[in-house]
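*Asks:* Here is my input; please provide its structure:
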Amino acid sequence: MSRAPVQALAVAVVVAAVIGLTAGHARSQPTEAEKRADALFEEGRALVEANRFADACPKFEESQRLDPGLGTLLNLAACYEQVGRLASALTAFRAAEEQARAAGPSEKKRESTAAERARAIESRVARLTITLASGDRPAGFAVTRDGVPVPAVDFGRRIAVDPGTIVIAAAAPGHEPYSTDVVIAKDATTRTVDIPLLAPVGSKVGGGGDLGGGDLGGGDLGGGDLGGGDLGGGTDVIQPHKSPRKTIGVVVGAVGLAGLGGGVALGLSAKGQYDDVPCTQNASPPVGCTPDEESRIDRARSRGTLGTIVGGVGVAAVAAGLVLYLTAPEERTVAVAPVVGDGEVGVTFNGRF
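*Replies:* Sure, this is the predicted structure:
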């Protein structure tokens, strides 16, 4: 072999070795993101040691975002479990189990740990089921959970959720949106949200929108408003006219009953006073009464007369109250709604008079 080929081969070997060493050195140098992730991980571990789990979880989250790792994911899952976010913990443990399985036999222990922790909390996780009303859904229909789109495959499924208030919303172009708050208060809570069919915009009575979604004939009707307001503002309901006669009748009747009771009480009291006078026991009318007995008899008679008057007024008041109540006019409810037809515009009145 000549020296030139030997020298060329030697140079090639040296260059390859240098390139390999350089690449190995580059790989050994952590990036800024990796450095930041390591620092956050250590901060999270320190907070866990201090039982400050609520502060530790965000550290692990950011560390996992910057430099995903199986160890960080397991720590994050355990942190979620400690703060009661069991749905997030279950998801993280299962993800760690899958990653450990994919890593091979060397991560068998971590795989088993993640699987066991997931099984331990699965029955305690709260669940939310989102169902849709039967019927055709408009184009562009979408459901969100806390602003995140819910995939169609999740409708009707029991979704694992963390405790707290969850906002479920549904929307579609040209339709009234739907929204509801679901409160998940504790572990193992089960909730179901039934999302109704969305109504087209302007279809609600009293919605204040346009009739038919646009102008009538492309311009104003007669150059101005009808009655000074918008046409298509919905149905205006004139509130029932409540007659005060029934109320007055009830009050008068109650006063009459009280008067009647007072009259009876006075009459019974007067009779008792009269019967207590000794001379009234001898004859009727009484004879041989002393001046004092005469005075007592007069007082009893006066009380009896007062009772008769009060009782009579009470009877009259009861009768008057009944008359007022029974003859009071019925309540009236009137609904006023605009009507637009083929070449016709008008107003309808409906109600009970």
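*Asks:* residue ranges for the helices of the protein, please.
*Replies:* Taking DSSP state H as the criterion, the chain carries its helices at 3-28, 32-49, 53-66, 70-82, 86-103, 108-122, 245-275, 291-326.
*Asks:* looking at the ones you listed, which is closest to A188?
*Replies:* helix 86-103 (9.1 Å; CB to CB). From N, CA and C alone the C-beta is placed, and that goes for glycine too.
*Asks:* elements contacting that closest one?
*Replies:* helix 70-82, helix 108-122, strand 158-161 (3 or more CB pairs under 8 Å, 6 or more residues apart in numbering; DSSP states H and E).
*Asks:* Quickly compare those and say which is most buried.
*Replies:* Scoring those by mean neighbour count under mean count of other CB atoms under 10 Å gives helix 70-82 as the most buried, with a mean of 22.
*Asks:* Which neighbouring elements make contact with that one?
*Replies:* helix 32-49, helix 53-66, helix 86-103, helix 108-122.
*Asks:* Sketch out the low-pLDDT regions of the stretch 151-300 of the chain for me.
*Replies:* 204-243, 282-284, 287-288, 293 (pLDDT under 70).
*Asks:* what does stretch 70-85 rub up against?
*Replies:* 37, 41, 44-45, 48, 53-54, 56-57, 60-61, 63-64, 86, 88-89, 92-93, 95-96, 99-100, 103, 107, 110, 113-114, 117, 121, 162-163, 187 (CB atoms under 8 Å, 6 or more residues apart in numbering).
*Asks:* 6 Å instead?
*Replies:* 41, 53-54, 56-57, 60, 63-64, 88-89, 92-93, 96, 99, 162 (CB atoms under 6 Å, 6 or more residues apart in numbering).
*Asks:* Surely E43 is in contact with K59?
*Replies:* Yes. E43 is within contact range of K59, at 4.9 Å (criterion: CB atoms under 6 Å).
*Asks:* Name the residue in these two with the higher neighbour count.
*Replies:* K59 (24 against 17; other CB atoms under 10 Å).
*Asks:* contacting residues around the nearest residue in space to the more buried one that is not next to it in sequence?
*Replies:* Once flanking residues are discounted, K59 sits nearest to G44: 3.4 Å by CB to CB, 6 or more residues apart in numbering. The neighbours of G44, taking CB under 6 Å, 6+ apart as the test, are 56, 59-60.
*Asks:* Can you tell me which of those comes closest to A258?
*Replies:* Distances from A258 to these, taken by CB to CB, are shortest for A56, at 73.3 Å.
*Asks:* show me the contacts for the closest one.
*Replies:* A56 makes contact with 44, 47-48, 79, according to CB under 6 Å, 6+ apart.
*Asks:* what about G249, how many residues close to it?
*Replies:* 19.
*Asks:* That should have said V251, apologies.
*Replies:* Residues lying near V251 (other CB under 10 Å) number 14.
*Asks:* Quickly note the distance from it to G311.
*Replies:* Separation of V251 from G311 (CB to CB, to the nearest Å) stands at 19 Å.
*Asks:* At the geometric centre of the chain, which residue do we find?
*Replies:* D181 (5.3 Å; CA atoms, centre = their mean).
*Asks:* quick one: it from S302, how far?
*Replies:* 72 Å.
*Asks:* about what we covered before: show the buried residues in the contacts of stretch 70-85.
*Replies:* 41, 53, 56-57, 60, 63-64, 88-89, 92-93, 96, 99, 162 (16 or more other CB atoms under 10 Å).
*Asks:* Adding distance to G262, write those residues out as a markdown table.
*Replies:* Shown next, in a markdown table, are those (distance: CB to CB, whole Å):
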| residue | distance to G262 |
| --- | --- |
| F41 | 88 |
| F53 | 74 |
| A56 | 78 |
| C57 | 76 |
| F60 | 82 |
| S63 | 86 |
| Q64 | 85 |
| S88 | 74 |
| A89 | 75 |
| A92 | 80 |
| F93 | 81 |
| A96 | 85 |
| Q99 | 90 |
| D162 | 68 |
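*Asks:* Looking at these, which is nearest A133?
*Replies:* Nearest to A133 among the buried ones among the contacts of stretch 70-85 is D162, at 26.8 Å by CB to CB.
*Asks:* pretty sure the closest one contacts L90?
*Replies:* No. Using CB under 6 Å, D162 makes no contact with L90, being 9.9 Å away.
*Asks:* Which residue lies closest in space to C57, excluding its sequence neighbours?
*Replies:* C79 (4.4 Å).
*Asks:* And the residue nearest to R303 when sequence neighbours are not counted, how far from L322?
*Replies:* Ranked by CB to CB, 6+ apart and with sequence neighbours excluded, the top spatial neighbour of R303 is A270, at 3.8 Å. From A270 across to L322, the span is 28 Å (CB to CB).
*Asks:* between these two, who's got more neighbours?
*Replies:* A270 (20 against 15).
*Asks:* Run through the residues that contact that one.
*Replies:* 300, 303-304, 307.
*Asks:* ok, now with 8 Å
*Replies:* A270 touches 300-304, 306-307, counting by CB under 8 Å, 6+ apart.
*Asks:* Please apply the same query to V277.
*Replies:* Contacts of V277 by CB under 8 Å, 6+ apart are 286, 289, 293, 296-297, 300.
*Asks:* how far is stretch 316-328 from where the chain is centred?
*Replies:* Relative to the centre of its chain, stretch 316-328 is centred 46 Å away, using CA atoms, centre = their mean, to the nearest Å.
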